[in-house]
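J.: Predicted coordinates and the sequence they were generated for:
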Amino acid sequence: TWSAVPAGPPDPILGVTEAFKADKDPRKINLGVGAYRDDNGKPYVLGSVKKAEAFLESTNPDKEYLPITGLPEFTKAAAKLAYGADSTPLTTNSVAVTQSISGTGALRIGGAFLSRFYPHSKTIYLPNPSWGNHTPIFRDSGLEVKTYRYFDKKTVGLDFAGLKEDLKSMPVGSIVLLHACAHNPTGVDPTPEQWTEISDLIQEKQLFPFFDMAYQGFASGNTTRDAFAVRHFVSSGQQIALSQSFAKNMGLYGERVGAFSLVTADPEEKARVESQLKIVVRPMYSNPPLHGARIASTILTKEELYKEWEGEVKLMADRIISMRDRLYDNLVSLSTPGEWGHIKSQIGMFSFTGLTQPQTKALAEKAHIYLTADGRISMAGLNGNNIDYFSESVSKVVKG
Ligand code: LMR
């Protein structure tokens with residue numbers, strides 16, 4: 001029956017973890033997937049998460065089904081975290097929101113909803129490059145995927161002129177995917193001034209902004225600062241779509257906690273949109289998982305836990321920044337050919353190193369160091385024990 005099914009390629013990101021696991025060398029390092037590690041290279045369960053779990057346990061929770069759109073306390077708190085408690089869409093009760101299977105699920109619900117109901121276009125433009133899963137998610141949702149200029153290889157920074165030109169030449173009504181902060185894979189974000197220009201352009205051209213916010217808190221260590229772009233667009237009167245993930249900022253990777261929301265005109269429109277979100281979700285997975293949403297909503301609604309969590313987000317962001325500094329210093333002191341300033345200036349969990357495909361291949365084969373083929377490294381995989389070995393290996397490979 002399945003003789004005509006061709007073997008598919010490994011996933012460009014999760015496939016790296018498979019290769020890493022198969023390597024038995026003790027020096028091996030996985031810098032592929034964006035998952036935070038502590039300074040001993042171990043997965044990190046946040047203290048605020050453990051406390052939330054202990055609290056939940058004490059309430060003897062049931063295991064009933066959640067509503068189709070998820071845990072109401074959670075979706076409310078997630079929207080507040082993104083938009084801000086005083087934002088007009090929240091004070092006027094006009095945000096339609098559903099819990100999702102983390103960021104991927106949120107994007108997929110959003111893609112499916114737009115594909116079914118967005119009246120002006122079936123085309124979504126992604127930054128070039130973008131997270132590897134964006135294209136298949138939106139394609140499988142029934143949208144046509146195109147790209148706009150984003151990264152400038154020459155400056156290893158934002159191609160702001162190219163980005164603006166491309167926004168200007170998009171057909172009116174097109175959907176534009178924007179990384180809210182900590183752009184994946186490049187680590188290059190627009191400045192607040194650039195965001196303001198982007199927002200004006202998108203409004204002028206009547207494009208539809210769809211934000212992917214998978215790293216709120218990871219860019220600057222501060223969740224409010226990282227929500228700048230989202231809040232700016234909303235305060236300028238734009239009706240955005242927003243995908244949120246709590247995988248990274250709460251370390252809830254496998255719990256799959258996220259949210260998808262749409263800013264609507266008023267409570268009546270919100271109710272209609274939410275009724276259709278339910279109809280999108282129900283045949284996909286019926287209703288979302290319970291435990292992670294309970295953890296996230298406990299942290300977001302209990303003041304003491306919220307404070308502790310904010311401190312932990314900052315701690316994770318700061319450890320990554322300290323690794324950027326050390327990697328830069330090491331590469332320079334090893335006289336590694338090239339300019340490495342971008343390692344320090346890039347933001348969030350990743351660094352887009354500029355290492356070529358043959359170099360990343362050589363790192364895996366010769367040094368047991370695994371990264372994605374585009375030269376992206378997850379900075380969180382570096383720590384005090386492996387950073388010198390990593391720097392020396394990179395230096396060797398670059399020198400050839
Ligand atoms: C990544 O880019 O490494 C993460 O978003 C994890 C994933 O699912 O790809």
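T.: Perfect, thanks for sending it. Residues are numbered from 1 along each chain as shown.
J.: tell me the secondary structure for A259?
T.: Here A259 is recorded as strand under DSSP: H, G, I helix; E, B strand; the rest coil.
J.: That one: how many residues sit nearby?
T.: Neighbours of A259 under the rule other CB atoms under 10 Å: 32. Bear in mind the C-beta positions are built from the backbone N, C-alpha and C, glycine included.
J.: Skipping adjacent residues, who's closest to it in space?
T.: Leaving aside its sequence neighbours, A259 sits nearest to A78 (CB to CB, 6 or more residues apart in numbering; 4.2 Å).
J.: Secondary structure element for that neighbour, which one?
T.: helix 72-83 (DSSP states H and E).
J.: Please spell out which residues along that helix are buried.
T.: F74, T75, K76, A77, A78, A79, K80, L81, A82, Y83 (16 or more other CB atoms under 10 Å).
J.: Any chance of TSV for those, columns pLDDT?
T.: Listed next are those as TSV, based on pLDDT from 0 to 100:
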residue	pLDDT
F74	98
T75	98
K76	98
A77	98
A78	98
A79	98
K80	98
L81	98
A82	98
Y83	98
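J.: In these, find the pair that's most separated.
T.: Farthest apart among these by CB to CB are F74 and Y83. That separation is 14.8 Å.
J.: before we move on, back to that, surely the residue nearest to A259 touches L300?
T.: Yes - between A78 and L300 there is a contact under CB atoms under 8 Å: 7.2 Å.
J.: From I369, how far out is S395?
T.: 12 Å (CB to CB, to the nearest Å).
J.: Please apply the same query to N60.
T.: 47 Å.
J.: K63 - nearest residue in space that isn't next to it in sequence?
T.: According to CB to CB, 6+ apart, the nearest residue to K63 is L290 (6.8 Å).
J.: show me what contacts the residue nearest to W340 when sequence neighbours are not counted?
T.: Nearest non-adjacent residue to W340, counting by CB to CB, 6+ apart: L331, 4.8 Å away. Each residue near L331 by CB atoms under 8 Å, 6 or more residues apart in numbering is listed here: W340, I343, S391, V394, S395.
J.: Is it possible to get CSV of the residues you listed that adds pLDDT?
T.: Formatted as CSV, the contacts of L331 follow (pLDDT from 0 to 100):
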residue, pLDDT
W340, 95
I343, 95
S391, 97
V394, 97
S395, 97
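J.: between the residues you listed, which is nearest the ligand?
T.: Distance to the ligand across the contacts of L331 (CB to the nearest ligand atom) is lowest for I343, with 18.0 Å.
J.: circling back to that earlier point, list just the nearest of the contacts of L331 to F211.
T.: Distance to F211 across the contacts of L331 (CB to CB) is lowest for I343, with 26.4 Å.
J.: you'd agree that closest one is in a helix?
T.: Yes - under three-state DSSP, I343 falls within a helix.
J.: List the contacts of it.
T.: Going by CB under 8 Å, 6+ apart, I343 touches R324, L327, Y328, L331, S351, T353.
J.: try 6 Å this time
T.: I343 is in contact with R324, L327, Y328, S351, counting by CB atoms under 6 Å, 6 or more residues apart in numbering.
J.: Which strand or helix spans S243?
T.: Per DSSP H and E: strand 241-245 holds S243.
J.: Paired strands for that strand, with orientation please.
T.: Sheet pairing here is set by DSSP bridges, and for strand 241-245 it gives strand 208-213 (parallel), strand 257-263 (antiparallel).
J.: Tell me the helix or strand right after the last one.
T.: Read it as strand 257-263. Heading C-terminal from strand 257-263 (DSSP H and E), you reach helix 267-285.
J.: Near the ligand, which residues of this structure are found?
T.: Proximity of the chain to the ligand, by CB under 6 Å from any ligand atom, involves residues I13, V33, G34, W131, N133, N184.
J.: The residue nearest to the fourth one when sequence neighbours are not counted: what secondary structure?
T.: Among residues not flanking W131 along the chain, N184 sits closest, at 4.7 Å (CB to CB, 6+ apart). Under three-state DSSP, the three-state class of N184 is coil.
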